[in-house]
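Colleague: I need the structure of the sequence given here:
(3 chains)
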Amino acid sequence: MLRDITLGQYYQTESVIHKLDPRVKLVATICFIVSLFVVKDWVGYLAAAVFLAVMIKLSNVPFKYMIKGMRAIVFILLITVVFNLFLTPGEVLWSVWKLKITKEGLQLAVMMAVRLSFLIIGSSVMTLTTTPNSLTDGMEKLMRPLKIFKVPVHEVAMMMSIALRFIPILLEETDKIMKAQMARGADFESGNLIKKAKALVPLLVPLFISAFRRANDLAMAMEARCYRGGEHRTKMKPLKYAGRDRAAYGVLAVYFAMCIVIRIYL
Amino acid sequence: MSIILDHVDYVYGADTALAVHALKDVSLVIPDGQFIGLIGHTGSGKSTLVQHLNGLIKPTGGTIYFNGEDIHAQDYDKKKLRSKVGLVFQYPEHQLFEIDVFTDVCFGPKNLGLSKQETELRAYAALKQVGLEDEYFYQSPFDLSGGQKRRVAIAGVLAMKPDVLILDEPTAGLDPKGRDEILDQIAKLKEETGITVILVSHSMEDVAKYVERIIVMNKGSVLYDDTPKEVFRHYKRLEEVGLAAPQVTYIMQALYQNGMPVHTDATTIEEAGREIMSVFQKK
Amino acid sequence: MGIIKTEKLVFEYIRRDEEGNVEGITRAVDEVDLDVKQGDFVAILGHNGSGKSTLAKHINAILYPTEGTVWVDGMDTQDEQQLWNIRQEAGMVFQNPDNQIIGQVVEEDVGFGPENMGVATEEIWQRVEESLKAVGMYEFRKYSPNKLSGGQKQRVSIAGVIAMHPKCIILDEPTAMLDPNGRKEVVRAVRALNDVEGITIVLITHYMEEIIHADQVFVMDKGRIALKGTPREIFSQVEKLKELRLDVPQVTLLAYELKKKGLALPDGILTVEELTQALMKEYRRQA
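Modeller: Numbering: from 1, shown residues only, chains lettered A, B, ... in the order given. So this is what the prediction gives:
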């Protein structure tokens, strides 16, 4: 169950998307997310769907891996849909007791669902095709201008990259501790909310201790390998734009322009 | 009173591309009071197997019976099963969480809904069983040494008074001193209480001294299930699957092949010493 | 002076209670003199808490001596100017395979050290390739570390250190969390580095069978060096080793027991072949 969270899980394969500069993918993901909020009608969503479908196809990542990330947000998705469905005023289509489903509500609910799913799948395309390390490299470079404002860009990027590396390890550990406590008769499923929250203590305390121990070990290992912050550092994989990256920016610009055109003229 | 595995199969992530057939048609009978060594290298399925025994993992095929009852039947009480089949995980000290040793050991019996008095009596008895001195009872478990922490964690399972005690690699990461202490403690416990003990390990040398039966796992199947002497006879095959018989076996085999008339089935240093001396004395 | 030298090295740490008051002082390393020759394979043995890990951390300037001095290739570890040179020359591999890999992909992790040292990009790639080949992990260069076995992860960690072109590598119980296969893999890789590349090795362990091929063995107990010598010299002192609660290999133990019972066997037998040969010789002699 915990292993289903695909965010930050790189899928190893060869593809055009995999080869793109992480900065392109970051910018593209941000543009794609913005475009989802720019467009307001079915034509726009169709354009977004086509764009997304082409990217998925190009990425060579099996579609079911993209969907996996969705499981984590099913709950949020449901809430959004239900709220929009029942709480939007407008032309009533159907009503039961005090609940009314309106035409506007239905539209909004579907739209929100599409938006959220696209958003997650779009981000998954990025995380599945980019190693978290090159992702943070990309972020570091994109955010470099912020250094002027004393933002510790390198440190933040390093922290993110480490966090990403340890997520799968800590998830596995959670699974193990949970089982170990269940073997001692712990019950994580039944009871009311307070009881459930209390039941988490035997899980969270060992997990935190383990995380701190790992952090300590890792800091020592990094120091032993001459890590001393971003200064003096060279890159094994320095980011350089290639022809395909410029082409990708072109495609992205066309898509984004199209979304704006659709919004304004249709 | 026994555990029976009837044609148990287990596939990890059956619906994904990464499906792994972790257990293949495993059938075993674990009668009361045996001291068993479960051996296999990493990924052989031994850890998956033991998690089946207390119902933490549900087999994808086959049935598991505890005292004649199917443990995955609709109304079977899993919590009770877990108190009867105690499982100590690898690096069990990582599950400690309470403010002091004694409270941590109380966690198991408390979960069983026992009275405060009974809980504490059991916790006390369990800590005594693992040989922890009274002076440590009210210390934070995190201040103890590695070997001590591990004993506290084992006591945490013992306090539930299991009929079967399963220990997954109880000596991993300990130094020789800590390892001998833990294994001796377990052997003593076995002798005193007569419970069934299953020792999961990848070291033949560690278990050969203690157990009466060895189950060797390889690629999710049972490769051998016999007495240590019989199992070590197949030392060449064991090597092929990434395991090794105790060094003693190799010595006896080498001597025999060089023409010394020794019996090759000694599994411990004491046995080997006696055997070699008897050959020399016969001359 | 050897590549690693310590003189009267003492390390004390202060235990504090919950309010931060000093409860006591523990002497983890007590007047240790060590001299390791360039190109040697040195093993340090000892049970948990004997001070062997604390000693190791001094060589990489992670800890600094309370008293005495540590030199790495002639550089005093307390000299802050030399800190990064020392860390580059004396690489370190730790116990837990998961907690020392920084990269998301094997090759990126191996490149981490050279990146920190400011090595030019092309050379980093060269070094990564060489290092991964030296430990036999080149074909796994694109893998995620999470998909590797314990032994493979440790080999990646060793490659990460080699890529920094160190003169010596200190391995702090690199096999304690591995299964027998993983242990063999790692020891084999370490021996190859010593034999082929001539890198000085300091292997800290509590598995006696890993030190059979060492040039020099130090046994630590209570922060002091209790025994030192060649593996054969060390293994001939079975009683002393038992007293130090160390694990004597079954062969050595059996030879010792047989000798006690009156068979004429040489001291410090280390391998199955040696014991078999010695026993057969004795058997034929008596016949």
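
Colleague: What separation do you get for A:Met111 and A:Asn84?
Modeller: Here A:Met111 is placed at a distance of 8 Å from A:Asn84 (CB to CB, to the nearest Å). All C-beta atoms are positioned from the backbone trio N, CA, C, and that covers glycine.

Colleague: ok, those two, which is more surrounded?
Modeller: When neighbours are counted by other CB atoms under 10 Å in any protein chain shown, A:Asn84 comes out ahead of the other of A:Met111 and A:Asn84, with 20 against 17.

Colleague: Just the buried positions in whichever helix or strand the more buried one is part of, please.
Modeller: A:Asn84 is located in helix A:74-87, with elements delineated by DSSP states H and E. Residues of helix A:74-87 classed as buried by neighbour count (16 or more other CB atoms under 10 Å in any protein chain shown): A:77, A:80-81, A:84-86.

Colleague: between those, which is nearest C:Arg285?
Modeller: Within the buried residues of helix A:74-87, the smallest distance to C:Arg285 is 84.1 Å, found for A:Leu77 (CB to CB).

Colleague: Please name the nearest non-neighbouring residue to that closest one.
Modeller: Residue nearest to A:Leu77 in three dimensions, not counting chain neighbours: A:Leu116, with 5.5 Å by CB to CB, 6 or more residues apart in numbering or on different chains.

Colleague: Tell me the helices and strands packed up against the host helix or strand of that neighbour.
Modeller: A:Leu116 belongs to helix A:103-129 when assigned by DSSP H and E. Under the contact definition 3 or more CB pairs under 8 Å, 6 or more residues apart in numbering or on different chains; DSSP states H and E, helix A:103-129 sits against helix A:16-19, helix A:22-38, helix A:42-59, helix A:63-71, helix A:74-87, strand A:92-96.

Colleague: can I get the ones you listed in a markdown table with distance to A:Leu203?
Modeller: Below are those laid out as a markdown table (distance: least, CB to CB, whole Å):
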| stretch | distance to A:Leu203 |
| --- | --- |
| helix A:16-19 | 36 |
| helix A:22-38 | 33 |
| helix A:42-59 | 36 |
| helix A:63-71 | 21 |
| helix A:74-87 | 20 |
| strand A:92-96 | 40 |
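
Colleague: okay if I get the ones you listed as a markdown table plus distance to A:Tyr227 and mean pLDDT?
Modeller: Formatted as a markdown table, the helices and strands packed on helix A:103-129 follow (distance: least, CB to CB, whole Å; pLDDT from 0 to 100):
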| stretch | distance to A:Tyr227 | mean pLDDT |
| --- | --- | --- |
| helix A:16-19 | 28 | 90 |
| helix A:22-38 | 21 | 92 |
| helix A:42-59 | 33 | 90 |
| helix A:63-71 | 31 | 78 |
| helix A:74-87 | 37 | 83 |
| strand A:92-96 | 61 | 76 |
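
Colleague: Tell me which of those is the most buried.
Modeller: Mean neighbour count (mean count of other CB atoms under 10 Å in any protein chain shown) peaks for helix A:22-38 among those, with a mean of 19.

Colleague: Next secondary structure element downstream of the helix or strand hosting A:Ala180?
Modeller: According to DSSP H and E, A:Ala180 maps onto helix A:153-183. Sequence-wise, the next helix or strand downstream of helix A:153-183 (DSSP H and E) is helix A:193-199.

Colleague: Go through that next one and flag the buried ones.
Modeller: A:Ala199.

Colleague: any low-confidence regions in the chain?
Modeller: No chain in the question, so chain A it is. Within chain A, the segments meeting pLDDT under 70 span A:1-9.

Colleague: Correction: the question concerned chain C.
Modeller: For chain C, residues meeting the criterion pLDDT under 70 lie at C:18.

Colleague: still on that earlier bit, I'd like the distance between the residue nearest to A:Leu77 and A:Lys57.
Modeller: Where A:Lys57 is concerned, A:Leu116 sits at a distance of 22 Å (CB to CB).

Colleague: what's near enough to touch residue 153?
Modeller: No chain was given, so I picked chain A. A:Val153 sits next to A:140, A:143-144, A:146-147, A:230 when contact means CB atoms under 8 Å, 6 or more residues apart in numbering or on different chains.

Colleague: That was the other one, I meant chain C.
Modeller: Per CB under 8 Å, 6+ apart, neighbours of C:Lys153: C:97-98, C:101, C:145.

Colleague: What separation is there between it and B:Ser47?
Modeller: 18 Å.

Colleague: Which residues of the stretch 151-283 of chain B lie near chain A?
Modeller: Those residues of the stretch 151-283 of chain B that sit near chain A, judged by CB under 8 Å from any CB of the partner chain, are B:156-157, B:160.

Colleague: Domain parsing of the chain, as residue ranges.
Modeller: Went with chain A since none was named. When chain A is parsed with automatic domain parsing, its domains come out as A:1-130+A:238-266, A:132-233.

Colleague: try chain C instead
Modeller: According to automatic domain parsing, the ranges for chain C are C:4-245, C:249-287.

Colleague: Quick check: which of these is buried the most?
Modeller: Highest mean neighbour count of the domains of chain C: domain C:4-245, a mean of 20 (counted as mean count of other CB under 10 Å).

Colleague: Which parts of chain C are helices?
Modeller: Per DSSP state H, chain C carries helices over the ranges C:52-59, C:83-89, C:106-117, C:121-134, C:150-162, C:180-192, C:231-235, C:238-243, C:250-260, C:272-286.

Colleague: Please name the nearest non-neighbouring residue to the residue of the stretch 1-150 of chain B found nearest chain A.
Modeller: Proximity of the stretch 1-150 of chain B to chain A (CB to the nearest CB) peaks at B:Asn111, 3.2 Å away. Distances taken as CB to CB, 6+ apart place A:Gly185 nearest to B:Asn111, at 3.2 Å, with adjacent residues excluded.

Colleague: can you check A:Met236 too?
Modeller: Excluding the flanking residues, the one nearest A:Met236 by CB to CB, 6+ apart is C:Gly111, at 3.6 Å.

Colleague: show me what contacts A:Val125?
Modeller: Neighbouring residues of A:Val125 by CB under 8 Å, 6+ apart: A:17, A:29, A:52, A:55-56, A:59, A:61, A:66.

Colleague: Distance of it relative to chain B?
Modeller: 18 Å (CB to the nearest CB, to the nearest Å).

Colleague: Equivalent analysis for C:Glu139, please.
Modeller: From C:Glu139 across to chain B, the span is 19 Å (CB to the nearest CB).

Colleague: In contact with residue 59, which residues?
Modeller: As the question left the chain open, I've gone with chain A. Contacts of A:Ser59 were listed using CB under 8 Å, 6+ apart, and they are A:15-18, A:125, A:128-129.

Colleague: my bad, chain C
Modeller: C:4, C:70, C:72, C:77, C:90, C:92, C:168, C:170, C:202.

Colleague: Bridging across strands, which residues link to the second one?
Modeller: So the one you mean is C:Val70. C:Val70 forms beta bridges with C:Thr6, as assigned by DSSP bridges.

Colleague: contacting residues around it?
Modeller: C:4-6, C:9, C:58-59, C:61, C:76-78.

Colleague: didn't C:Arg250 look like it was pressed against B:Pro246?
Modeller: Careful, residue C:250 is Gln and not Arg. Yes: in this structure, C:Gln250 is within contact of B:Pro246 by CB atoms under 8 Å, at 6.3 Å.
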